[in-house]
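**Q** Take a look and give me a structure for this.
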Amino acid sequence: MESFHPSMNLPFSYTFSTTMSGGSSSSSSGGAGITANPIITNPWMDTRIWSKLPQRLLDRVLAFLPPPAFFRARSVCKRWYALLFSDAFLELYLQVSPSHHWFLFFKHKNLKSYIYRNSSSGGGVGGDQQGDDNVNFRAPCEGYLFDPYDITWYRLSFALVPPGFSPASSSGGLVCWVSDEAGPKGLILCNPILGSLTQMPPTLRPRLFPSIGLTVSPSSIDVTVAGDDMISPFAVKNLTAENFHIDGGGFFSIWGTTSSLPRLCSLESGRMVYVGGKFYCMNFSPFSVLAHDFAGNIWCKIQAPMRRFLRSPNLVESKGKLLLVAAVEKSKLNVPKSFRLWSLQSCGTTWVEVERMPQQLYVQFAELECGNGFDCVGHGEFIVIMIRGSDKALLFDICRKMWQWIPPCPYSSQGAGIGGSSNGRDSELHGFAYEPRLATPVTGLLDHLTLPFQPFNG
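**A** The predicted structure is shown next:
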């Protein structure tokens, strides 16, 4: 949207007055009085115009504000403060509010290494007593909201999320939290802008650290939980996936739809990306991409490009397309190391390289990365590349073909910045594509399936 410019030609004219300041005046040859110190009111901010705007038009303007600006505007008057509780305004907001392709980051323990470390120390899957105490009495979790348009950080509190849950996915303004304990997985949908929590029914199969896929539309919620089936109290294997679906038409399936995963799959990333009716996740050893057609409940493997030379491959969604982002290292060939992006074509099996990091920038990136690897998350026209164990991150704007370093988050603990920590790999950054929403009425569909959320004591 173009901003107003006072020098632009207008199809209509404004009349504005000259304010008299001081008591002296003089007469010109025409007899007109003029002020000694004239103050001309800006026509664009003339209170006689803005004070008479219809309330419906004013609400429409407020609905276009990004959430930080909207919450600041709520302090203007009682009526604006009450808009967050107005059904009419929220309905208008859902219709006209533009999308905000933002990101939400968390700093918390690497859950998988935490479980394995405590299991090997003799404490079982649940860990020792000290580990249990740390989980049950942890400080309230907080997230860091990043606006890639203004390169601005905000802090969000998740104080209502009970201990023993970790963020796993995000969609439609909701963040999905999954229980850390081994067994049937409990899931919570949270809207951090409103501070609301909605509990989902637990999964049917016991799992340890499954991959979670979530997609939320205005009228439906779809969730896929895949892998890490517990075949015994001390062993897991990637065997099955189970789906959850509910929509406004009255149809729902509470983990009743299951499917078998392809043979020899390894879902170590724990991440899923939703594009065009399918969930995608990386498969390791060797690299490939697993695709799950949610409607058809079918899994298939897609060969990754240059799979023998990839390092730290990541799947991201960008503008409705699936992208694979990875470093390429051909040690036995005379080809310089590089950082590349591929797009999956409509046929579903072919990849086309769409972008490559400038070589000079990649040399700088590789020096900072030092072989520790990186994680990527995409949203709209933006992709964020985060160096593990570091406060360094890159932002790539696909539309403008522009790369830039992101300033460290000023709210992260101990000034470590984005991804940094005093505990190294045990406290890595986890980022999600996140669109802040003032209203997520689709969670009301779950009220018919589950009991009200019970507070956790301790």
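
**Q** where along the stretch 351-458 of the chain do the strands fall?
**A** 351-356, 374-379, 382-387, 393-397, 402-405, 429-434 (DSSP state E, counting those that start in this stretch).

**Q** With mean pLDDT, mean neighbour count and distance to residue 298 as added columns, please give those in JSON lines.
**A** C-beta: built from backbone N, CA, C; applies to glycine. What follows is the strands of the stretch 351-458 of the chain, written out as JSON lines (pLDDT from 0 to 100; neighbours: other C-beta atoms under 10 Å; distance: least, C-beta to C-beta, whole Å):
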{"stretch": "strand 351-356", "mean pLDDT": "94", "mean neighbour count": "14", "distance to residue 298": "21"}
{"stretch": "strand 374-379", "mean pLDDT": "94", "mean neighbour count": "24", "distance to residue 298": "25"}
{"stretch": "strand 382-387", "mean pLDDT": "94", "mean neighbour count": "24", "distance to residue 298": "28"}
{"stretch": "strand 393-397", "mean pLDDT": "95", "mean neighbour count": "20", "distance to residue 298": "33"}
{"stretch": "strand 402-405", "mean pLDDT": "95", "mean neighbour count": "13", "distance to residue 298": "37"}
{"stretch": "strand 429-434", "mean pLDDT": "86", "mean neighbour count": "24", "distance to residue 298": "25"}
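
**Q** will you turn those into CSV that also has distance to residue 151?
**A** As requested, the strands of the stretch 351-458 of the chain are exported to CSV (distance: least, C-beta to C-beta, whole Å):
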stretch, distance to residue 151
strand 351-356, 21
strand 374-379, 15
strand 382-387, 11
strand 393-397, 8
strand 402-405, 8
strand 429-434, 15
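
**Q** quick one: which of these is nearest residue 344?
**A** Among the strands of the stretch 351-458 of the chain, the nearest to residue 344 by C-beta to C-beta is strand 351-356 (5.9 Å).

**Q** That closest one pairs with which strands?
**A** Strand pairing for strand 351-356, using DSSP bridges, gives strand 338-344 (antiparallel).

**Q** hang on, residue 330 packs against residue 309?
**A** Yes - using C-beta atoms under 8 Å, residue 330 is in contact with residue 309, at 5.1 Å.

**Q** Out of the strands of the stretch 351-458 of the chain, flag the one nearest residue 165.
**A** That would be strand 429-434 among the strands of the stretch 351-458 of the chain, by C-beta to C-beta, at 13.1 Å.

**Q** Mind checking the strands of the stretch 351-458 of the chain for the one nearest to residue 141?
**A** strand 429-434 (11.2 Å).

**Q** Tell me what angle that closest one forms with strand 393-397.
**A** 20 degrees (axes from the mean of the first three to the mean of the last three C-alpha atoms, to 10 degrees).

**Q** Show me where the stretch 51-200 of the chain has its helices.
**A** Listed in chain order, the helices of the stretch 51-200 of the chain (DSSP state H, counting those that start in this stretch) span 55-63, 67-73, 78-81, 87-96, 111-118, 129-136.

**Q** ok, residue 330 and residue 309, which is more surrounded?
**A** residue 309 (18 against 13; other C-beta atoms under 10 Å).

**Q** which residues does residue 342 bridge with?
**A** residue 324, residue 353.

**Q** contacting residues for it?
**A** Contact analysis of residue 342 by C-beta atoms under 8 Å, 6 or more residues apart in numbering lists 305, 323-324, 351-354.

**Q** Looking at the residues you listed, which is nearest residue 316?
**A** residue 323 (5.1 Å).

**Q** How about the contacts made by the closest one?
**A** 315-317, 341-344, 354, 378, 383.
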